[in-house]
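>>> for reference, the sequence and a predicted model appear below.
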Protein chains: 2
Amino acid sequence: MSHLEERLEKDLNEIRTALAKQAEQVEKQVINAIRALQTGSRDQAYATVLNDHPVNREMRRIDRLCHSFIAVHLPSGSHLRLLSSAIRCNIELERIGDYAVTISREAVQLANPPSGEIERQLDNLATGAQAMLSQAVKAFNELNADLAEGTMVMADPVEHNLNEIYDAMMGGEAGTDLKELFAIFVIFTNLKRVVDQAKNLCEETIFAVTGVQKRAKVYKVLFLERDGSFLAPMAEAIGNKLMASTGNFGSVAGEPGEIESGLAAFLQERGIEFEPTRCRAIADMTTHELASQHVVVGLDAPVSEFVENMPFHASVINWQLRDIEGEGEARYEAAYRELAVRIKDLMSLIRGDE
Amino acid sequence: MSHLEERLEKDLNEIRTALAKQAEQVEKQVINAIRALQTGSRDQAYATVLNDHPVNREMRRIDRLCHSFIAVHLPSGSHLRLLSSAIRCNIELERIGDYAVTISREAVQLANPPSGEIERQLDNLATGAQAMLSQAVKAFNELNADLAEGTMVMADPVEHNLNEIYDAMMGGEAGTDLKELFAIFVIFTNLKRVVDQAKNLCEETIFAVTGVQKRAKVYKVLFLERDGSFLAPMAEAIGNKLMASTGNFGSVAGEPGEIESGLAAFLQERGIEFEPTRCRAIADMTTHELASQHVVVGLDAPVSEFVENMPFHASVINWQLRDIEGEGEARYEAAYRELAVRIKDLMSLIRGDE
């Protein structure tokens, strides 16, 4: 190993050690914040708030270390990737520290620690968040991309859990004192953020090790047609033909009728196998199914006409298709052309053209 | 200008132009989110959500530009500072984009746009947040540290405003539907975050131009003694002698009595001028005064005994001072020594030792 390589390894280790220590510190802060909340200990809550100051200072020091590493060593390839990840992990850890502070500050605002159903839910959520954070940190420290990959999925049950908690809160199970309710709401939201940042740490680990940026997401797009006679099934078929690698397309109807009999033949001519004779009714979808959609597109009717409460993370757009006129083949042709362009534009918007 | 210098300028300009465009885009997103909220337009809300995708992609592209700039040009001094700032501004802009998305998603959850008092408050807050963001972006684009400095103070009225809004909400002025209340709460919180990030942009600008990191904050520390006879005034005097540059120390009493007559002489021997004869009662402080304290320290009684609702951002610690025994000079001496160490440790914790 040359002198320069030795120096590079030494400086890199310094950064990794500093990050590992910072991560340990931040994990402790989260644990203390949760404990303060669960036990109602104001002393512990305020101690957690004050202990955020050293975390912030260490964040700035690590930032300086990273930038001076870059300036000194001119890293490239895997070393530059590691540094980029380190810079971002550093910011993420500092943010997790902030969430611990917010949880602690809200804990102090509560007259009593959470009890009953809310306590049970909190314990669940807190346990999940801590376990995930701890494993995410381990994966980054060991630069273990497989472990990072395995840790990311731990976020799903937490998200599911959170929806239940919000429902329980809206249902009045956390009491009716507004100030207390907001405090609990903020606490849960911040625990969720810990989970989000843990996920980010995993992504940084994967990037540092493999060079793969955040995996390309497969977007779920649902087309809605009033009677489901040809527009929605055609749009689904076009999407799945043109964009199968980046999108997952489906079709539903407001009040299902038969799918026009000529559609299958028309699509087959364009190399698209098509069999269904009826669209499903959007009213038959479960909330969970609907919530998993990324975009719901109203083709000839506003989606709101058929869905009263659209889940939080599903977006709705209503297209005003130009009048699709003519008969038989000509009509299909016109619809096909317009839909293909629209779908392509939509996917360019949400996915980009890389 | 050498070829390399020319190339460096060109690459730097590319990054600055990209950031300026991204900032413009993000500002638009915030404006659209607010407009969607104010008008109740779901189409605009969902369009804002979907338009976050290009913002995210551009963030990743700018990140790559920055890192490849560093790898290629090995910048130092003011160039490295500018790059560090650019990397952080890039992340901050992307986050502001996220807040626009959250505001839009919550807007969709509202049955009707905010009205009455809440509408008025929202307009205020939104106007303030937009103006500040726009000016912060201008300051960064022009690398104008003075403008950045002047913009940061715009955050104060917004924070004040927000407290009023929360009070209005707790008072029931936003209605009683829990789901709606949470939505409005989240919207206001996210507008506040826009303001926080605008402040960060200003700090990055100041750092890029002057090399000065986040200004050292002067922390307000308030000492509380049950009767205010000597511990609290002594602690105040010690703090203001040892740490005047980083702390602003005060003293109050739970139930004020006279300050012991020997204290002034004792302190004067240590070079500390001391005149007051009575501590103020903590009950006479306004909420605003109390809220501006960073830490409130209970010296011989728990602070909670005298303050029922501690403001959100003020931290409380209760010291268990060892028994301060003896009489006259010896008793003062013992208190002085213990307080000096404790105050120094406290300030090291919250401020560091740089």
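Looks like it arrived, so ask away. Residues are numbered from 1 along each chain as shown, chains lettered A, B, ... in the order given.
>>> find the residue at the geometric middle of chain A.
Taking CA atoms, centre = their mean, the centroid of chain A lies closest to A:Asp196, which sits 7.3 Å from it.
>>> double-check that that one belongs to a strand.
No: under DSSP: H, G, I helix; E, B strand; the rest coil, A:Asp196 falls outside any strand and is assigned helix.
>>> quick one: pLDDT of A:Glu5?
We have a pLDDT of 87 for A:Glu5.
>>> that one: what secondary structure?
Look at A:Glu5: counting by three-state DSSP, its state is helix.
>>> kindly report the same for A:Ile317.
Following three-state DSSP, the label given to A:Ile317 is strand.
>>> before we move on, back to that, ok, and the closest non-adjacent residue to the residue nearest to the centre of chain A?
A:Ala155 (7.5 Å; CB to CB, 6 or more residues apart in numbering or on different chains). All C-beta atoms are positioned from the backbone trio N, CA, C, and that covers glycine.
>>> check A:Leu93 too.
Residue nearest to A:Leu93 in three dimensions, not counting chain neighbours: A:Val26, with 4.9 Å by CB to CB, 6+ apart.
>>> what sits against the one you found?
By CB atoms under 8 Å, 6 or more residues apart in numbering or on different chains, the contact set of A:Val26 is A:Val55, A:Leu93, A:Glu94, A:Ile96, A:Gly97, A:Ala100.
>>> looking at these, which is nearest B:Phe230?
A:Val55 (35.4 Å; CB to CB).
>>> could you tell me the phi and psi values at that closest one?
Dihedral pair for A:Val55: phi -60, psi -40, per degrees, to the nearest 10.
>>> tell me how far it lies from A:Arg61.
Per CB to CB, to the nearest Å, A:Val55 is found 11 Å from A:Arg61.
>>> in what helix or strand does A:Ile87 lie?
helix A:77-109 (DSSP states H and E).
>>> which elements pack onto the lowest-mean-pLDDT helix or strand in chain A?
Taking mean pLDDT, DSSP states H and E as the measure, the helix or strand of chain A with the lowest value is helix A:155-170, at a mean of 82. Where contact means 3 or more CB pairs under 8 Å, 6 or more residues apart in numbering or on different chains; DSSP states H and E, helix A:155-170 is packed against helix A:116-141, helix A:178-210, helix B:178-210.
>>> now the residue lying closest to A:Glu236 once chain neighbours are set aside: which helix or strand?
Nearest non-adjacent residue to A:Glu236, counting by CB to CB, 6+ apart: A:Ser251, 4.0 Å away. Using DSSP H and E, A:Ser251 sits within strand A:247-253.
>>> that strand - which strands sit beside it in the sheet, and in what orientation?
Partners of strand A:247-253 in the sheet, by DSSP bridges, are strand A:219-225 (parallel), strand A:280-281 (parallel).
>>> name the residues that touch it?
A:218-228, A:232-233, A:235-236, A:238-240, A:243, A:279-282, A:285, A:293, A:347, A:351.
>>> packing partners of the following helix or strand past that strand?
Following strand A:247-253 in sequence order, the next helix or strand is helix A:263-269 (DSSP H and E). Packing partners of helix A:263-269 (3+ CB pairs under 8 Å, 6+ apart): helix A:231-242, helix A:328-351.
>>> list the buried ones in helix A:263-269?
Counting neighbours by 16 or more other CB atoms under 10 Å in any protein chain shown, one finds that the buried residues in helix A:263-269 are A:Leu263, A:Ala264, A:Phe266, A:Leu267.
>>> with stretch A:198-214 instead?
Result for stretch A:198-214 [16+ other CB under 10 Å]: buried residues A:Ala198, A:Lys199, A:Asn200, A:Leu201, A:Cys202, A:Glu203, A:Glu204, A:Thr205, A:Ile206, A:Phe207, A:Ala208, A:Val209.
>>> just the CA trace of stretch A:217-225, in CSV.
Extracted in CSV, the C-alpha atoms of stretch A:217-225 (Å, rounded to 0.1, in the frame of the first residue of the first chain):
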residue,chain,number,x,y,z
LYS,A,217,-40.2,2.2,-8.6
VAL,A,218,-43.0,0.5,-10.4
TYR,A,219,-45.9,2.8,-10.4
LYS,A,220,-49.5,1.6,-10.2
VAL,A,221,-51.9,3.4,-12.5
LEU,A,222,-55.6,2.7,-12.5
PHE,A,223,-57.9,3.9,-15.3
LEU,A,224,-61.5,4.6,-14.6
GLU,A,225,-64.2,4.7,-17.3
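>>> what does the pLDDT read for A:Ala232?
96.
>>> next: A:Lys214.
For A:Lys214, the pLDDT comes out at 68.
>>> ditto for the one 5 residues further on
Per-residue pLDDT puts A:Tyr219 at 93.
>>> could you do A:Leu242 as well?
At A:Leu242, the pLDDT value in this model is 87.
>>> could you report the neighbour count for it?
Using other CB atoms under 10 Å in any protein chain shown, A:Leu242 is surrounded by 16 other residues.
>>> check A:Ala129 too.
Using other CB under 10 Å, A:Ala129 is surrounded by 27 other residues.
>>> show me the contacts for it.
Going by CB under 8 Å, 6+ apart, A:Ala129 touches A:Val30, A:Val158, A:Leu191, A:Lys192, A:Val194, A:Val195, A:Ala198.
>>> one more: A:Arg16?
By CB under 8 Å, 6+ apart, A:Arg16 lies in contact with A:Ala86, A:Asn141.
>>> likewise for the one 5 residues further on?
Contacts were defined as CB under 8 Å, 6+ apart; by that measure A:Lys21 touches A:Glu58.
>>> near chain B, which residues of the stretch 201-350 of chain A are found?
Proximity of the stretch 201-350 of chain A to chain B, by CB under 8 Å from any CB of the partner chain, involves residues A:213-214, A:295, A:304, A:310, A:312-313, A:315-318, A:349-350.
>>> what two of those are the furthest from one another?
Longest span within those, CB to CB: A:Gln213 and A:Ser304, 35.8 Å.
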